[in-house]
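**Student:** okay, structure incoming, though there's no sequence with it:
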């Protein structure tokens with residue numbers, strides 16, 4: 001995966017950061033036994049996914065050509081030279 005640049009985009013970093021913050025909020029409110037805060041944190045987790053998806057749609061994610069090249073590279077059997 002190192003050669004594919006998987007996840008090294010502004011869309012990925014932003015989406016994961018927002019989702020991580022939501023996860024931390026949910027965890028804190030779960031320990032404090034506050035269901036409303038827990039669900040608010042879960043909403044932030046979902047928001048992180050939506051923000052990442054929108055940013056990818058705006059062109060800040062990995063280009064689709066990179067996905068195609070990775071899939072073609074993985075389909076070749078090991079040891080076969082092109």
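**Tutor:** Received the coordinates, thanks. Because the structure is a prediction, the values reported are computed rather than measured. Residues are numbered from 1 along each chain as shown.
**Student:** quick one: the helices in the chain?
**Tutor:** 10-31, 35-55, 64-75 (DSSP state H).
**Student:** lowest average pLDDT across the ones you listed?
**Tutor:** Among these, helix 64-75 carries the lowest mean pLDDT, a mean of 62.
**Student:** just to revisit the earlier point, tabulate the helices of the chain (CSV), appending mean neighbour count.
**Tutor:** Just so you know, the C-beta spots here come from the backbone N, C-alpha and C atoms, and that holds for glycine as well. CSV is the format used below for the helices of the chain (neighbours: other Cβ atoms under 10 Å):
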stretch, mean neighbour count
helix 10-31, 16
helix 35-55, 15
helix 64-75, 11
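**Student:** got the phi/psi numbers for residue 63?
**Tutor:** Dihedral angles of residue 63 (phi, psi; degrees, to the nearest 10) stand at phi -60, psi 150.
**Student:** so what touches stretch 43-63?
**Tutor:** With contact meaning Cβ atoms under 8 Å, 6 or more residues apart in numbering, stretch 43-63 is reached by 5-7, 9-12, 14-23, 25-26.
**Student:** sorry, wrong one. I was asking about stretch 22-36.
**Tutor:** By Cβ under 8 Å, 6+ apart, stretch 22-36 touches 37, 38, 39, 40, 41, 42, 43, 44, 45, 46, 47, 48.
**Student:** from residue 49, how far off is the first one?
**Tutor:** In this structure, residue 37 lies at 20 Å from residue 49, with Cβ to Cβ, to the nearest Å as the measure.
**Student:** repeat for the fourth one
**Tutor:** From residue 40 across to residue 49, the span is 16 Å (Cβ to Cβ).
**Student:** and if you look at the second one?
**Tutor:** For residue 38, the distance to residue 49 equals 18 Å [Cβ to Cβ].
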